[in-house]
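Engineer: give me a 3D structure for the following:
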Amino acid sequence: MLLLASIIHTILRVYTFIVIIKVILSYFLSPYHPVREAIDRLVDPLLNPIRRNLPPIGMFDFSPLVLIILIQVVDSLLQQIFMMLY
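Structural biologist: Predicted coordinates:
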């Protein structure tokens, strides 16, 4: 059970890192660059619903920040559930 909690925690941390990489690469790479397209395919399915419900403020898109916060909340909740079960 503890191994499963550790694996899920690691996956969520890696996904958070991928979201951060997406934000950074969006400033430097073309949207049609293969690396950026691959990362977009991983992150956009979770960003798009947030973008539909959270309009951009000025020229800033806060949906990646909201996604990172949601990932952290889910990670924390799952860790607490696994600790109660263990």
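
Engineer: what's around the residue nearest to S26 when sequence neighbours are not counted, how many residues?
Structural biologist: On the basis of CB to CB, 6 or more residues apart in numbering, the spatially nearest residue to S26 that is not a chain neighbour turns out to be R36, at 7.3 Å. C-beta: built from backbone N, CA, C; applies to glycine. As a burial measure, R36 scores 17 neighbours (other CB atoms under 10 Å).

Engineer: now swap in the one 3 residues further on and tell me
Structural biologist: In terms of burial, I39 registers 19 neighbours under the definition other CB under 10 Å.

Engineer: not counting its neighbours along the chain, what's nearest L47?
Structural biologist: The spatially closest residue to L47, leaving aside those adjacent along the chain, is S63, at 5.1 Å (CB to CB, 6+ apart).

Engineer: correct me if wrong: the one you found contacts P49.
Structural biologist: No - at 9.0 Å, S63 does not count as touching P49 under the criterion of CB atoms under 8 Å.

Engineer: who's more crowded, the two?
Structural biologist: Set side by side, S63 and P49 show more neighbours around S63, with 23 against 11, by other CB under 10 Å.

Engineer: residue contacts, that one?
Structural biologist: Contacts for S63 (CB atoms under 8 Å, 6 or more residues apart in numbering) come out as 47, 50-51, 54.

Engineer: check M83 too.
Structural biologist: Residues in contact with M83, defined by CB under 8 Å, 6+ apart, are A5.

Engineer: gap between it and L77?
Structural biologist: With distances defined as CB to CB, to the nearest Å, the gap from M83 to L77 amounts to 11 Å.

Engineer: repeat for R13
Structural biologist: In this view, R13 and L77 are 15 Å apart by CB to CB.

Engineer: more crowded one of those two?
Structural biologist: Regarding R13 and L77, a neighbour count based on other CB under 10 Å identifies R13 as having more, with 13 against 10.

Engineer: what pLDDT is listed against F62?
Structural biologist: According to the predicted model, the pLDDT of F62 comes to 93.
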